[in-house]
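J.: just coords:
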C-alpha cells in the first residue's frame, strides 16, 4: 500500500517496498527552550534552520509542531508552514493536538499534507477526520482511545481498524492512514518493546497500512538512549514501520535506518548508505 | 527447542525464549599474525588472555580455532582446549575444517562441546556427524553443500533439513543441531541481507532449531563494518538467531545484542543491559 503526499515541488511515496522515509522531528518546541522563545517572539529563522539541516541530513518529510502553551497556535502554525515552505521543498507533516491549528495549517499548506494526528478517541475522530477528508490529506493514526494507551497488541490492532473504518466512511482511503502503534518505555515495562514490535508486524499483516513510530519513548529512563532507539528503529523497520518520525541529524539513527534498508534489500548496490557515510565521514 | 552444552563447571542453554548466547570468536588465528605466531611457538598465553577477556565481556561459549597452515592442528587443538579450560569455565565450540582436529579435541574436552562445523557436503556429513554422535556433542550446520553456498532461501532450508535428517539417523537429535544459514556480503549482492534474514525466519518456522550467524561476512567490502554488523545481528536475533558467533569485546556489537534482548522482552527490568552499560561506562 502506498501513501503519497506532496508539496508543490516534491512528491513522496511511502511504501513497504521502498526505502524508509524519514520524517524529521526537530521542529518542535517541546523541551526546547530556544525554539519556544523564538516562536514566542515570532522569529521563524531557527525553524527554518532546522528545516534545512534536516533535509540536508536526508529527511524527506518535515514534522511541524509549534505548540507552546499560551501562544496562538493556529496563527503560529500558519507562519511556520509558510516559513518552512519558503526554504525547503519537502512535504510537511502538520503536528498539533489542536484541531484549530491543524485546520489553519491545512488552509495554507501548498500540497497534500500528512496530519499528525488522529486517534481512537471519539472527540478526536469527530474533529480531525472531517478536516483530513475535506483537505484530502493523509493522517497519522495513534493506537490509543478514550481508555488510554493499550499495552496489548490486540487492542492496538482494534483501534487501528476502528480508525481505518471511520475514515473510510468519510471517503479517506486506507492508503492515507499511517498507523503509529505507540511504543512505550521498556524501562517502565520490559515487555513494551516486544509489544510494540509485535503490534507493527500484526497491523502490517492484518491492515497492510504504512506505519510510523517515534523511537524516543522506547528508551525513556534508560542509559545510552540513542543506541536503544537505533536498534529499536531497525527492528521496527523490519516489522513494518515505513516512515519513522525521528532525528535525521543524529547520524547513529540515520545510519541504522540506512543499514536497515540495505539489509532488507532496498538499497541497490548499497549506494544510499555508502554515499551518506562518505558525506558524514569525508576523511574515512 | 533447547540446545544444551556444558563444561565440567558450567551448563549453557541456548533457546529462543532465553537471552542471546554470545559465542566468542576471538580465538582464531585467521588474519591475526600475532596469534598465529604464538601458536607456531606453542605459546598459549595469548589464547588464554583472549579467553578471559571474552568471558569478562559476556561470552558464554568460546569458539576455539587453531588452524594455521603447516602446523599440526590436532595437537594444537588439544593444547588450546587444555589451556582455555585451565583459565575459564565456559563450554567450548571446537572449530576446525579438519575432522582429525575435531576428533582430537573431542577426545580431551571435558563436557559436552559444540562442534563447528558440519555442512551438507557428502564428505563432511560422513566424517563429522559420526564424531558428533560418538561424543554426544552438539554441532553447527552450515547451509552449504557440494554445489557451494546457495543464494536462495529454499536451498538453504533444504540443506538444513538434510543435515537434520542425516544426523537423526546417527541418533543426533535436532536439539543438538545449530544451523548457520551463512550470511554473505551485501556489498557483493544487495539482496544477500534479506536472503540471510529470511533464511533465519524460515528455518526457525520450519525446523525450530537454534541458529547462529557470523556477522562479519555481511559487511565485507563496506565502510563502518561494525555498525552494519550490529544492525544485522539485531535483525538476525529478531528472526531466530539465538547464539551468534561474534566479538563480545566490541561494545557496539555486545550492546546491540543486549538491546535486542531488552526489546524482545528477554531482559527483566533491563538489568542485563543496564549492568553491562555501567561496567563499560563507569563514569556515565
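T.: The structure has been received and is ready for your questions. The model shown is predicted, which means the values in this text are computed figures rather than measured ones. Numbering: from 1, shown residues only, chains lettered A, B, ... in the order given.
J.: and the stretch 151-284 of chain A, which residues reach chain B?
T.: Counting by C-beta under 8 Å from any C-beta of the partner chain, the residues of the stretch 151-284 of chain A lying close to chain B are A:186-187, A:190-191, A:193-195, A:197, A:218, A:222-224, A:227-228, A:230-232, A:234-235, A:238-239, A:255-256, A:259-260, A:262-265, A:267-270, A:273-274, A:277-278, A:281, A:284. Every residue, glycine included, has its C-beta placed from N, CA and C.
J.: now those: which count as buried?
T.: By the neighbour-count criterion of 16 or more other C-beta atoms under 10 Å in any protein chain shown, those include these buried positions: A:186-187, A:190-191, A:193-195, A:197, A:218, A:222, A:224, A:227-228, A:230-232, A:234-235, A:238-239, A:255-256, A:259-260, A:262-265, A:267, A:270, A:273-274, A:277.
J.: ok so, going back, which of the residues of the stretch 151-284 of chain A next to chain B fall in helices?
T.: Among those, the members falling in helices (DSSP state H) are A:193-195, A:197, A:227-228, A:230-232, A:234-235, A:238, A:255-256, A:259-260, A:262-263, A:273-274, A:277-278.
J.: what number of residues lie near residue A:215?
T.: Residue A:215 has 26 neighbours, counted by other C-beta atoms under 10 Å in any protein chain shown.
J.: Repeat that for residue A:40.
T.: Using other C-beta under 10 Å, residue A:40 has 13 neighbouring residues.
J.: Residue A:170 now?
T.: Summarising burial for residue A:170: neighbours were counted as other C-beta under 10 Å, giving 13.
J.: Now it: closest residue in space, sequence neighbours ignored.
T.: Take residue A:170 and drop its neighbours on the chain: the residue closest to it by C-beta to C-beta, 6 or more residues apart in numbering or on different chains is residue A:133, 4.0 Å away.
J.: secondary structure class for the one you found?
T.: Reduced to three states with DSSP: H, G, I helix; E, B strand; the rest coil, the structure at residue A:133 is helix.
J.: Setting the sequence-adjacent residues aside, check what's closest to residue A:191.
T.: Leaving aside its sequence neighbours, residue A:191 is closest to residue B:265 (4.5 Å, by C-beta to C-beta, 6+ apart).
J.: doesn't residue A:196 make contact with that neighbour?
T.: No: with contact defined as C-beta atoms under 8 Å, residue B:265 and residue A:196 do not form a contacting pair (10.5 Å).
J.: Name all residues that make contact with the residue nearest in space to the middle of chain A.
T.: Within chain A, one residue has its C-alpha closest to the average C-alpha position: by C-alpha atoms, centre = their mean, that is residue A:245, at 3.5 Å. For residue A:245, the residues meeting the contact criterion (C-beta atoms under 8 Å, 6 or more residues apart in numbering or on different chains) are A:23, A:25, A:63, A:93, A:116, A:180, A:212-214.
J.: Not counting its neighbours along the chain, what's nearest it?
T.: Spatial nearest neighbour of residue A:245, chain neighbours left out: residue A:23 (4.4 Å); criterion: C-beta to C-beta, 6+ apart.
J.: That neighbour: neighbour count?
T.: Using other C-beta under 10 Å as the criterion, residue A:23 is surrounded by 29 other residues.
J.: which phi and psi does it have?
T.: phi -100, psi 110 (degrees, to the nearest 10).
J.: Pairing partners for it in the sheet, please.
T.: Note on residue A:23: beta-bridge partners by DSSP bridges are residue A:61, residue A:245.
J.: so it touches residue A:95, yeah?
T.: No: with contact defined as C-beta under 8 Å, residue A:23 does not reach residue A:95; the gap is 9.4 Å.
J.: shared neighbours, these two?
T.: Any residue near both residue A:23 and residue A:95 by C-beta under 8 Å, 6+ apart counts here, and that gives residue A:63.
J.: circling back to that earlier point, who are the neighbours in contact with the residue nearest to residue A:191?
T.: Listed by C-beta under 8 Å, 6+ apart, the contact partners of residue B:265 are A:190-191, A:193-195.
J.: of the residues you listed, closest to residue A:143?
T.: Out of the contacts of residue B:265, the one with the shortest distance to residue A:143 is residue A:195. That distance is 10.9 Å, counting by C-beta to C-beta.
J.: Roughly how far does that closest one sit from residue A:224?
T.: Using C-beta to C-beta, to the nearest Å, residue A:195 is found at 22 Å from residue A:224.
J.: Any figure for the gap between the residue nearest to residue A:245 and residue A:97?
T.: Counting by C-beta to C-beta, the gap between residue A:23 and residue A:97 amounts to 17 Å.
J.: quick one: low-confidence ranges for the stretch 51-200 of chain A?
T.: Within the stretch 51-200 of chain A, no stretch has pLDDT under 70.
J.: in it, which spans are strands?
T.: Taking DSSP state E, counting those that start in this stretch to define them, one finds strands in the stretch 51-200 of chain A at A:61-64, A:92-95, A:111-112, A:114-119, A:138-142, A:177-180.
J.: possible to save those as a markdown table with mean neighbour count?
T.: Output for the strands of the stretch 51-200 of chain A, formatted as a markdown table (neighbours: other C-beta atoms under 10 Å in any protein chain shown):
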| stretch | mean neighbour count |
| --- | --- |
| strand A:61-64 | 26 |
| strand A:92-95 | 28 |
| strand A:111-112 | 18 |
| strand A:114-119 | 25 |
| strand A:138-142 | 26 |
| strand A:177-180 | 27 |
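J.: would you turn the ones you listed into a markdown table with distance to residue A:6?
T.: Putting the strands of the stretch 51-200 of chain A into a markdown table (distance: least, C-beta to C-beta, whole Å) gives the following:
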| stretch | distance to residue A:6 |
| --- | --- |
| strand A:61-64 | 10 |
| strand A:92-95 | 10 |
| strand A:111-112 | 5 |
| strand A:114-119 | 10 |
| strand A:138-142 | 10 |
| strand A:177-180 | 15 |
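J.: hmm, which two among the contacts of residue B:265 are most spread apart?
T.: A:190 and A:195 (10.3 Å).
J.: In contact with residue A:46, which residues?
T.: Residues near residue A:46 by C-beta under 8 Å, 6+ apart: A:34-35, A:38.
J.: Repeat the analysis, applying 6 Å as the threshold.
T.: Shown in contact with residue A:46 (C-beta atoms under 6 Å, 6 or more residues apart in numbering or on different chains): A:35, A:38.
J.: now the one helix or strand it maps to, how far from the centre of its chain.
T.: Of the helices and strands defined by DSSP states H and E, residue A:46 is found in helix A:45-56. Between the centre of helix A:45-56 and the centre of its chain there are 17 Å (C-alpha atoms, centre = their mean, to the nearest Å).
J.: Could you give the number of residues near the residue lying closest to residue A:19 once chain neighbours are set aside?
T.: Leaving out its chain neighbours, the residue that sits closest to residue A:19 by C-beta to C-beta, 6+ apart is residue A:261, at 4.5 Å. Residues contacting residue A:261 under the criterion other C-beta under 10 Å number 19.
J.: circling back to that earlier point, need the contacts of residue B:265 in CSV with distance to residue A:70, can you?
T.: CSV is the format used below for the contacts of residue B:265 (distance: C-beta to C-beta, whole Å):
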residue, distance to residue A:70
A:190, 38
A:191, 39
A:193, 36
A:194, 40
A:195, 36
